[in-house]
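In: sequence unknown, structure follows:
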């Protein structure tokens, strides 16, 4: 059975800190790994990763995939209170891409 | 351009009642997906529909749950004879074509509480 495991489950940091969120996976038929941000409402897309070692970047957020070690990390630098959210990692299966397989998420709280 | 619209946002039902959750996909999107998020769990795929067709319902519980996406109107997720374990957030998502990568958009969810 495909598994997506995120760690830590929750994290509290101060504004300005840098955080690293982890996502490991054991899956068959890998197509991509996706990161979403969920703030008590619709999960919003952050990154899609398909190739190892290629960093995706958007402002203070960046993510990278390691297909050999089967994990991805999401980095957030100079955190702000607006970064407080649940960050979701999901695997896209090449056989049934619509049935995304999500981890439980990492709940990040950034305090002033 | 409105996003994926779900209603109601919050619904309270007594055990044994029926719950109906509605989802209007983004304009131009003909593919709809329903996910369920139980407390302390990740989102779990339930069903994938196109207009008037159920494509994949492998994630739907075998009993009491049904989904439809009629030719006109929103997609509906129907839960009959609700039980406490059905309390969860139900998310709808849509895409313009068969989902791939970052072309899927989620609604804000419908939170069902069964008392």
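Out: Looks like it came in fine. If you're wondering where the values come from, they're calculated on a predicted model, not measured in any experiment. Residues are numbered from 1 along each chain as shown, chains lettered A, B, ... in the order given.

In: Going by C-alpha atoms from here, please, whenever you check contacts or count neighbours.
Out: OK.

In: Establish whether the one helix or strand residue A:23 maps to and chain B are in contact.
Out: Element membership for residue A:23 (DSSP states H and E) is strand A:19-26. No - Strand A:19-26 lies apart from chain B when judged by CA under 8 Å from any CA of the partner chain; the minimum separation is 12.9 Å.

In: Next secondary structure element downstream of that strand?
Out: According to DSSP H and E, the helix or strand after strand A:19-26 is strand A:30-38.

In: Now do that next one against strand A:19-26, angle only.
Out: Orientation of strand A:30-38 against strand A:19-26 (axes from the mean of the first three to the mean of the last three CA atoms, to 10 degrees) gives an angle of 140 degrees.

In: For the very next helix or strand once past strand A:30-38, the averaged confidence score.
Out: Going down the chain from strand A:30-38, the next helix or strand is strand A:44-49, by DSSP H and E. Across strand A:44-49, the average pLDDT comes to 94.

In: do stretch A:105-112 as well
Out: 97.

In: Residues contacting it, please?
Out: Outside stretch A:105-112, the residues within contact range by CA atoms under 8 Å, 6 or more residues apart in numbering or on different chains are A:6-15, A:21, A:79-89, B:42.

In: Next, the residue lying closest to residue B:93 once chain neighbours are set aside: phi, psi?
Out: In this structure, residue B:93 finds its nearest non-sequential neighbour in residue B:106, 4.1 Å apart by CA to CA, 6 or more residues apart in numbering or on different chains. Main-chain torsions, residue B:106, degrees, to the nearest 10: phi -100, psi 150.

In: near chain B, which residues of chain A?
Out: A:32, A:34, A:40-45, A:47-48, A:92, A:97-105.

In: Using neighbour counts, trim these to the buried set.
Out: Among the residues of chain A next to chain B, the ones that count as buried by 16 or more other CA atoms under 10 Å in any protein chain shown are A:32, A:34, A:42-45, A:47-48, A:92, A:97-105.

In: State the number of residues packed around residue 52.
Out: Since no chain was named, I'll use chain A. 15 (other CA atoms under 10 Å in any protein chain shown).

In: Chain B was what I was after
Out: Counted with other CA under 10 Å, residues neighbouring residue B:52 total 12.

In: Can you tell me which helices and strands the helix or strand of chain B with the lowest mean pLDDT packs against?
Out: Least confident helix or strand of chain B, by mean pLDDT, DSSP states H and E, is strand B:105-106 with a mean of 92. Applying 3 or more CA pairs under 8 Å, 6 or more residues apart in numbering or on different chains; DSSP states H and E, one finds that strand B:105-106 makes contact with strand A:44-49, strand B:88-95.
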